[in-house]
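Enquirer: 3D model of this:
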Amino acid sequence: MNPTARALTLWMLLPAAAFAAPPAAPVATPSGSAHRYTIDQFLSTTLYAGASFSADGRRILVSSNRSGVINVFAIPVDGGEPVQLTDSKVNAAIADGYFPADDRFLYSSDEGGNERTHLYVKSPDGGVRDLTPGDKLKATFAGWTRDDKGFFFVTNERDPSAFDLYEMTLDGYQRKLLFPNDGGYEVAAVSPDRRWVALEKIRSTDDSDIFLHDRTSGETKLLTPRPAQTESVGNTARTFSADSRSLFFTTSQGSEVAYLVRYDLATGERKEVLRTDWDVTGAKLSRDGRILMAAVNHDARSELQLFEAATLRPLELPALPAGNVTGAAFSRDGKLMAFYVESSAPPDLYVRNRETGEIRRLTHALHPDIDPAALVQAEVVRFKSYDGVEIPGLLYKPQEATPAHKVPALVWVHGGPGDQSRVGYSELTQYLVNHGYAVYAINNRGSSGYGKTFHSLDDRKHGDADLGDCVASKKMLADTGWVDPQRIGILGGSYGGYMVLAALAFRPREFNVGVDLFGVSNWLRTLESIPAWWGPERDALYKEIGDPVKDADYLRKISPLFHADQIERPLLVLQGANDPRVLRAESDTIVEAVRKKGVPVEYQIFENEGHGFRRRETKTKAYKATLDFLDKYLKGS
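Expert: Next up is the predicted model:
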C-alpha cells in the first residue's frame with residue numbers, strides 16, 4: 001500500500017516487449033559461445049507480473065508487456081492464449097485485480113511515466129472510468145474490503161504531501177474518507193473490520209515505527225516503542241489477520257535482519273512467526289484467510305514459506321519447478337494457487353490445484369527463437385574490498401570466456417541507493433552477456449538484503465565508500481582469469497547512473513567507459529526537485545545523502561556535474577524526457593559539460609518515458625545503442 005517510490009520498483013525495472021518478432025537467424029559467434037541473438041529477439045520475450053483470480057476462478061488477471069506497452073491481460077487457468085483487456089499505446093496499464101463478484105477489474109495508469117497514477121475500472125462491455133480524476137493527484141489501490149462491497153485506496157488530492165485513506169463502493173463508486181493523514185504517516189494496512197489502520201512513520205531509510213489508529217476511538221498509538229539503546233530498527237506493517245485481532249509485521253529490533261511477528265491487538269503480546277539469517281521481506285494472507293504467505297530474501301534469491309494462519313504451523317511447500325518462486329496468490333475458495341518461477345529465464349506463471357496436486361504452466365515467456373541453454377545463470381560471488389569489508393554480487397560469465405579468450409566486463413550498479421541486484425531475469429544483462437560481455441551486478445555497501453549495518457555503511461559517503469567497492473571489484477574480475485583487466489567498464493541506472501558519473505569524474509582512469517541510464521549528476525537539483533508525495537521518504541533521503549540547504553557544499557562536492565572537467569573516458573547517457581525523479585536536466589547538463597572537453601559522449605532522450613523505460617520501441621533503441629557503444633569503445637579498445 002506504500003504509495004511512494006517503493007511501490008514502483010518492479011515496473012521501473014520491467015522491460016517493454018512486443019508480440020513475437022519474425023525469427024532472425026543467429027549471428028556467428030566465437031568458438032564455445034552461445035548463438036548471438038538480436039535485441040528484437042530478447043525484447044520479444046514476454047514478461048508477466050501480478051496474479052488476481054477471477055470470481056469464478058477460471059482466469060488470472062496479470063500485467064504484461066506482450067503488446068509492446070504494459071497492458072492488462074487475462075490468462076485462462078485451463079490453458080490457452082492470454083486475452084488482452086486494455087489497449088494502451090503509450091502509458092502502462094498495470095492490473096490491480098478482478099472485482100470480487102463479477103468480471104470488472106481495476107487497473108492503474110499514469111501519463112507518459114509521470115508517476116501520477118489514477119485508478120480505472122473497466123467493465124465487461126468495454127467501458128472505462130477514471131475513479132480518481134484530477135490533474136495533479138496520485139492514487140494507489142490498497143486492497144479489497146473483506147465483505148466484497150468495496151476497496152481501499154490512498155490519494156494525495158487533499159494535500160500533495162500526504163496520502164489519505166479512502167473506501168470506495170463497488171456499487172455506484174461512492175467514496176468515504178476513512179483516515180485523514182495529517183501526521184506524516186504512510187498507510188500500510190486496514191483491518192478487515194475497518195476498525196484499525198496500521199501506519200508507518202519513516203525516520204530514515206532503515207529506521208521506522210508502526211502506529212495503530214483506532215477508528216472507533218480516534219486514538220493513534222505507537223506500536224513499536226524505541227528500545228533504550230540507539231539501535232536503528234526497521235518496522236513494517238504487513239497484514240491484519242482475517243478476524244482483525246492481530247497484526248503481522250516485520251521488525252529488525254535486536255537483529256541485523258528483519259523477522260516476522262504477530263502482534264495481538266488486545267493483549268499487546270508478540271509472537272515470533274519466522275526468523276532466518278536473511279530478511280523476511282513480505283507477508284500476506286490468502287483470500288480466505290487460512291494461509292499466511294511469507295517471502296524471504298535469501299542471498300539475493302526469493303524464497304516462499306507458507307503457514308496455517310490460525311496456528312502459525314508451517315506448511316510444507318509442494319514440489320515446485322526450480323527457480324525463484326514469487327508472486328503467490330490464491331483463488332477465492334483457496335483451491336488454486338498461482339505463482340511465478342524465475343531463473344536465468346524470465347518468470348513464467350504456474351497454477352497448482354491444492355486438492356489434486358496438479359501443476360500447470362500457463363505461460364512460455366522466453367521468445368521461441370532463444371535457446372534456454374544460451375542464457376547464463378548468475379553466480380553469487382563475494383570479494384574483500386579496499387578496507388576488508390566483504391562485498392557480494394552476481395557474476396554472469398559469457399559462455400565463450402576462457403583464460404585463452406578473455407572477455408571485457410561491466411560492473412553493473414543498481415539503483416536506490418539502497419536497492420539490491422537480485423537473481424532473476426534481465427533482458428539487458430542477458431543481451432550483453434550473449435554478446436560477449438561479463439557482467440558483475442555488484443551489491444556495494446549500502447545495498448539492502450545483507451543486514452542493517454551493511455545497509456548503512458555508505459550513509460553520507462556516497463561517491464566515495466561505495467564507489468571504492470566498484471573499483472575494488474576490478475581485481476576480483478581480473479582474478480577470474482577470463483576477464484580482460486584492461487577492458488572493464490561501469491554501467492548503472494538512477495543511483496547506479498550517478499555511480500557511473502562519479503566513477504568517471506572522481507576515479508577518471510579506473511574504468512574504460514561509462515553507461516549512464518538516467519543518473520544523478522547534481523544532487524542539489526535532484527534533492528530539491530523530489531515530488532511532494534514522497535513526504536517522509538524525502539526526509540529519510542536527506543538524512544542518508546544530504547540536505548540541499550544545510551549540506552549544499554557537501555552535495556556540490558559529491559556531484560559529478562561540478563567535476564566534469566576530470567572526465568576523460570567515453571560516456572553514453574540515456575534519459576526519459578518525463579522523468580519525475582531524475583530530471584532531464586541532470587543528463588542535459590552533464591552531457592554539455594563533458595562535450596566541452598572533447599570527450600566522446602553519446603546521448604539519447606526518449607519521449608513518453610519516465611524513470612525507467614517501459615516501451616519496446618524505447619528499449620530497442622536504448623539497448624542497441626548500449627551494445628554499439630560498448631563494441632566501439634570497450635570491446636574494441
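Enquirer: where does pLDDT dip in the stretch 51-200 of the chain?
Expert: Within the stretch 51-200 of the chain, not a single segment meets pLDDT under 70.
Enquirer: same thing with the chain?
Expert: Flagging of the chain using pLDDT under 70 yields the residue ranges 1-34, 228-229, 637.
Enquirer: which stretches in it count as helices?
Expert: In the chain, the segments counted as helices under DSSP state H are 9-13, 39-43, 427-434, 452-455, 465-479, 495-506, 523-528, 536-544, 552-557, 584-595, 616-630.
Enquirer: out of those, indicate the one that is most buried.
Expert: Neighbour counts averaged per stretch over these are highest for helix 495-506, at a mean of 28; criterion: mean count of other Cβ atoms under 10 Å. Glycine gets a C-beta too; all of them are placed from N, C-alpha and C.
Enquirer: mind checking how far stretch 150-162 is from the chain centre?
Expert: Averaged C-alpha coordinates place stretch 150-162 at 22 Å from its chain's average position (Cα atoms, centre = their mean, to the nearest Å).
Enquirer: cool, and stretch 246-260?
Expert: Its chain's average C-alpha position is 21 Å from that of stretch 246-260, according to Cα atoms, centre = their mean.
Enquirer: for stretch 129-136, list the C-alpha coordinates in CSV.
Expert: Output in CSV follows, covering the C-alpha atoms of stretch 129-136 (Å, rounded to 0.1, in the frame of the first residue of the first chain):
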residue,chain,number,x,y,z
ARG,A,129,-14.0,5.0,-16.0
ASP,A,130,-11.4,7.0,-14.1
LEU,A,131,-12.3,6.6,-10.4
THR,A,132,-9.8,9.2,-9.2
PRO,A,133,-9.9,12.1,-11.7
GLY,A,134,-7.8,15.2,-11.3
ASP,A,135,-4.7,16.8,-12.8
LYS,A,136,-2.2,16.7,-10.0
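Enquirer: residues of that stretch that come out buried?
Expert: Applying a neighbour-count criterion of 16 or more other Cβ atoms under 10 Å, one finds Leu131, Thr132 buried in stretch 129-136.
Enquirer: residues in contact with it?
Expert: Surrounding stretch 129-136, the residues in contact under the criterion Cβ atoms under 8 Å, 6 or more residues apart in numbering are 106, 116, 118-121, 139, 153, 155, 157, 160, 168, 173.
Enquirer: the stretch 1-150 of the chain: strands as residue ranges?
Expert: Taking DSSP state E, counting those that start in this stretch, the strands of the stretch 1-150 of the chain run over residues 48-53, 59-64, 71-76, 83-84, 93-98, 105-109, 118-122, 128-130, 139-144, 150-159.
Enquirer: turn these into TSV, including distance to Leu574.
Expert: As requested, the strands of the stretch 1-150 of the chain are arranged in TSV below (distance: least, Cβ to Cβ, whole Å):
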stretch	distance to Leu574
strand 48-53	23
strand 59-64	24
strand 71-76	24
strand 83-84	29
strand 93-98	23
strand 105-109	24
strand 118-122	28
strand 128-130	32
strand 139-144	28
strand 150-159	30
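Enquirer: nearest to His364 among these would be which one?
Expert: Using Cβ to Cβ as the criterion, the shortest distance between His364 and the strands of the stretch 1-150 of the chain is 10.5 Å, found for strand 48-53.
Enquirer: contacts for that closest one, please.
Expert: When contacts are taken as Cβ under 8 Å, 6+ apart, the neighbours of strand 48-53 outside the stretch itself are 10-11, 14, 59-64, 73, 75, 77, 94-98, 105, 287, 327-332, 336, 338-340, 347-349, 363, 365.
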